[in-house]
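> the sequence and its predicted three-dimensional model are supplied below.
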Amino acid sequence: MAEGITEPLRFDPKEAKLWRCGHPQNSEHKYPIPEYDEDAWENLLAPLLKKDKAQCDAWKDEVQNLLIFAGLFSAVVTAFVVDSYKTLRPDPNDTIINLLSRIASREDDPTNGTGNSTPATILPAFSPAHSAIRINIYWFLSLVLSLTTVLFGIISLQWLREHQHYHGITSKQAYAIFHMRAEALQKWYVPQLFASLPLILQGALVLFFIGVIEFLLSLEHEVAVPVILVIALTFLFLIGTTMLPTIQAFPLYIPYLKLHKSGAPAQCPYKSPQSQAFRACQASCSGHGLKSSSTLFIIPSFASEALLMVKDNDKDMTKTKKKTLNGS
């Protein structure tokens, strides 16, 4: 073989040996692959379970608070219903008074026992007042919605308990089951159900307040007026915080306000299930599609266009200033 020319290396598969981590013959390797005593599937599953546990704990805390409030609220509404349902039935005291008046009239009539007695007074057929019917409708619906919230909350807590149950299986099986359950939560609208629980309870509160207004108006207007004012402020707060996250960028489209020159508005922090529902309704009515629930609280598409307009105006102003400086 010529000097300076080396023979190429030849690899014989038969002479090759399988490299094993920690084998004595591989001790000369400088960076051997470390051996892991822990389960790799468990390490992979741990952060996913931690995130899932945080979400489930948040749902549990919210449902527990709703159950406590719904129980107390149902007790309050029941006290009103027990008294109001009596207005839908004839008062038995009226019948007793009528009978006593007939007996007294016969005792006082000197012609008692003859055919000249005064004819008996016949009570008219009972018909409940329209206001009484409306009041009972509002309060009974409020009670039913409150108890419905309790029922849905108890059932949803059972779902969460079964969702987090992984006993008696390996970490590899738990990893596969976790992804199956996580997908099932989204496909079967479980997050939306948890978001609907406070909406149902708020609907019960609104119906109860409307019934209180109707009840006070049927009694005394002087008492009803201050109560109506307080309830109106409460409704105004509820409606305002529901709509503001969606309509916060509407003023940008009003030309004479010139709000686009002051920069982009700060995002409204009033995020709640009812504002999310209002945003979804607005998007469906206006034709703006929603890709995910996370987009329900960002500035709407029309506001994004307005923000682009603000950026364009800022660029134009910067160019104008540069031209002015260069010309001077």
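Thanks, I have it.
> where exactly do the helices run in the stretch 201-328 of the chain?
221-247, 273-286, 301-327 (DSSP state H, counting those that start in this stretch).
> export the shortest one to CSV, keeping only CA atoms.
Which is helix 273-286. Extracted in CSV, the C-alpha atoms of helix 273-286 (Å, rounded to 0.1, in the frame of the first residue of the first chain):
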residue,chain,number,x,y,z
PRO,A,273,-69.9,33.5,32.3
GLN,A,274,-72.7,35.9,31.5
SER,A,275,-70.4,38.3,29.6
GLN,A,276,-69.0,35.2,27.7
ALA,A,277,-72.6,34.2,26.7
PHE,A,278,-73.3,37.8,25.6
ARG,A,279,-70.1,37.9,23.5
ALA,A,280,-71.1,34.6,21.9
CYS,A,281,-74.6,35.9,21.0
GLN,A,282,-73.1,39.1,19.6
ALA,A,283,-70.6,37.2,17.5
SER,A,284,-73.3,34.9,16.1
CYS,A,285,-75.6,37.8,15.3
SER,A,286,-72.9,39.9,13.6
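> can you get me a residue count around Ile137?
Residues lying near Ile137 (other Cβ atoms under 10 Å) number 14. In short, each C-beta sits where N, CA and C put it, glycine included.
> brain fart, Arg279
Arg279: 24 neighbours (other Cβ under 10 Å).
> that one contacts Leu244, correct?
No. Taking contacts as Cβ atoms under 8 Å, Arg279 lies outside contact range of Leu244: 10.7 Å.
> what is in contact with these two at once?
Common contact partners of Arg279 and Leu244 (Cβ atoms under 8 Å, 6 or more residues apart in numbering): none.
> least reliable of the helices of the stretch 201-328 of the chain by average pLDDT, please.
Between the helices of the stretch 201-328 of the chain, the one with the least mean pLDDT is helix 301-327; it has a mean of 53.
> using the three-state scheme, assign Ile169.
Following DSSP: H, G, I helix; E, B strand; the rest coil, the label given to Ile169 is coil.
> state the pLDDT value of it.
91.
> and if you look at Asn93?
Reported pLDDT for Asn93: 67.
> quick one: which helix or strand includes the residue nearest to Pro273 when sequence neighbours are not counted?
Spatial nearest neighbour of Pro273, chain neighbours left out: Ala195 (4.1 Å); criterion: Cβ to Cβ, 6 or more residues apart in numbering. If you go by DSSP states H and E, Ala195 is part of helix 190-217.
> what residues sit buried inside that helix?
Judged by neighbour count (16 or more other Cβ atoms under 10 Å), helix 190-217 contains these buried residues: 190, 194-195, 197-217.
> packing partners for the one helix or strand Ser146 maps to?
Following DSSP H and E, one finds Ser146 within helix 130-163. Judged by 3 or more Cβ pairs under 8 Å, 6 or more residues apart in numbering; DSSP states H and E, helix 130-163 is in contact with helix 40-84, helix 190-217.
> what angle separates the first one from helix 130-163?
Angle of helix 40-84 versus helix 130-163, following axes from the mean of the first three to the mean of the last three Cα atoms, to 10 degrees, is 160 degrees.
> show me what helix 40-84 is packed up against.
By 3+ Cβ pairs under 8 Å, 6+ apart, helix 40-84 packs against helix 130-163, helix 171-187, helix 190-217.
> so for the longest one, what gets flagged as buried?
Going back to what we said before, that points to helix 130-163. Neighbour-count burial for helix 130-163 [16+ other Cβ under 10 Å]: 132, 135-136, 138-143, 145-150, 152-153, 156, 159-160, 163.
> hmm, back to that, can you tell me how far the residue nearest to Pro273 is from Asp39?
From Ala195 across to Asp39, the span is 36 Å (Cβ to Cβ, to the nearest Å).
> Tyr175 too?
10 Å.
> which one of those two has more residues nearby?
When Tyr175 and Asp39 are compared for neighbours, Tyr175 comes out ahead with 19 against 13, by other Cβ under 10 Å.
> Thr170 is in contact with Leu45, isn't it?
No. Using Cβ under 8 Å, Thr170 is not in contact with Leu45; the gap is 10.4 Å.
> neighbour count winner among the two?
Leu45 (21 against 12).
> what residues are up against the residue nearest to the more buried one when sequence neighbours are not counted?
Closest residue to Leu45 in three dimensions, ignoring its sequence neighbours and counting by Cβ to Cβ, 6+ apart: Tyr175, at 4.8 Å. Shown in contact with Tyr175 (Cβ under 8 Å, 6+ apart): Trp41, Leu44, Leu45, Leu48.
> out of those, which end up buried?
Buried, going by 16+ other Cβ under 10 Å: Leu45, out of the contacts of Tyr175.
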